[in-house]
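dropping the sequence and predicted coords here.
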Amino acid sequence: MKISIENLTFAWAGEPIMDGVSGQLQTGDLVMLCGENGSGKTTLLKLLCGMIPHFTRGRELSGNILINGESILMNPPKHFFPSIAFIPNQNLDFFMLNRNLQEEILVLQTMLKKSTQYVENKISRFNQMLSDFHSDLALPFSSMSPHQKMLSLTLIYFIQDAKLYLFDETLIQTMDKFYEKEWYSFLSSIASNGGIVLYVSHNRDSLNNKIWELKDRKIIF
């Protein structure tokens with residue numbers, strides 16, 4: 001997979017928060033996205049997954065984002081299903097369409113035409129890598145903590161074999177320090193097995209990997 005950001009400019013109102021931004025991500029990349037509050041971190045993730053401009057729009061948008069040569073800005077997000085995983089830092093319930101994880105997985109299994117054995121193997125692997133996963137698939141989403149919801153949504157994307165994972169600081173906000181090494185091992189596994197991970201964090205010492213910093217309306221590599 002290859003992601004190309006080409007001369008991207010975006011503004012909600014007034015001055016652009018990104019102005020002529022360019023950059024590339026490719027298979028195997030594990031990248032931390034950092035920057036001051038309001039620098040455009042969440043906005044960039046929403047552009048990469050297609051939520052902007054397909055679900056919300058700003059005052060100005062120019063340039064392009066290409067996923068394997070196809071524009072995410074010109075094609076609806078469903079065009080790239082099941083490749084993109086977006087895990088937001090709020091409104092996680094918006095992504096939970098059924099009552100519990102068991103129902104979500106059943107619908108996904110039907111859509112992707114996957115065998116029960118395939119799904120069970122994916123759940124088992126996920127559970128082995130992330131010991132803090134709450135494995136009660138019938139637990140209602142309404143009874144889950146934010147961390148449990150984040151894990152559930154991540155599992156859904158893991159089952160659908162997403163290739164681009166975008167974590168908007170939910171990972172850091174909800175993660176117990178005890179499980180930090182497990183999580184970064186999981187992210188490294190995604191990247192090393194044909195994926196790309198871009199996650200928002202302010203902790204530059206959290207992992208020895210690539211860093212993108214949004215500053216002065218540009219990406220500093």
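The structure has been received and is ready for your questions.

quick check: which element contains residue 155?
Using DSSP states H and E, residue 155 maps to helix 146-159.

from the chain's centre, how far out does that helix sit?
Here helix 146-159 shows a centroid-to-chain-centroid distance of 11 Å under the convention CA atoms, centre = their mean, to the nearest Å.

what does the helix or strand just after that helix contact?
Following helix 146-159 in sequence order, the next helix or strand is strand 164-167 (DSSP H and E). Contact partners of strand 164-167, identified using CB atoms under 8 Å, 6 or more residues apart in numbering, comprise 1, 3, 25, 45, 48-49, 67, 83-87, 154, 157, 187, 190, 195-200. Every residue, glycine included, has its C-beta placed from N, CA and C.

shouldn't residue 161 be in contact with residue 82?
Yes - at 6.5 Å, residue 161 and residue 82 qualify as touching, with contact defined as CB atoms under 8 Å.

any idea how far the most centrally placed residue in the chain is from residue 215?
Geometric centre of the chain, nearest residue: residue 166, 2.0 Å, by CA atoms, centre = their mean. Look at residue 166 and residue 215: by CB to CB, to the nearest Å, they are 20 Å apart.

now swap in residue 58 and tell me
Going from residue 58 to residue 215 by CB to CB gives 20 Å.

check residue 196 too.
Between residue 196 and residue 215 the computed distance is 22 Å (CB to CB).

then residue 189?
30 Å.

so which of residue 196 and residue 215 has more stuff around it?
residue 196 (25 against 13; other CB atoms under 10 Å).

pretty sure that one contacts residue 27?
Yes - the pair residue 196 / residue 27 is scored as a contact, 6.4 Å apart, by CB under 8 Å.

need the residues touching each of the two.
In contact with both residue 196 and residue 27: 1, 163, using CB under 8 Å, 6+ apart.

helix/strand/coil for residue 86?
strand (DSSP: H, G, I helix; E, B strand; the rest coil).

neighbours around it, how many?
Residues lying near residue 86 (other CB under 10 Å) number 20.

and residue 70, by the same measure?
A count of nearby residues for residue 70, using other CB under 10 Å, gives 11.

backbone phi and psi for it, please?
Dihedral pair for residue 70: phi -110, psi 140, per degrees, to the nearest 10.

contacting residues around it?
79-80.

where does this structure dip in pLDDT?
By pLDDT under 70, the low-scoring segments of the chain are 171-178, 203-208.

in the helix or strand harbouring residue 23, what's buried?
Assigning secondary structure by DSSP H and E places residue 23 in strand 18-26. Across strand 18-26, burial judged by 16 or more other CB atoms under 10 Å covers 18-19, 21, 23, 25.

kindly reformat those as TSV containing distance to residue 125.
Shown next, in TSV, are the buried residues of strand 18-26 (distance: CB to CB, whole Å):
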residue	distance to residue 125
18	36
19	42
21	35
23	31
25	24
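
now for the residues you listed, which pair is the farthest apart?
The most widely separated members of the buried residues of strand 18-26 are 19 and 25, with 19.9 Å between them, by CB to CB.

does residue 33 touch residue 198 like I think?
Yes - counting by CB under 8 Å, residue 33 sits close enough to residue 198 to count as a contact (5.6 Å).

re the thing from before, partner strands of the strand holding residue 23, parallel or antiparallel?
Strand 18-26 sits in its sheet next to strand 2-11 (antiparallel), going by DSSP bridges.
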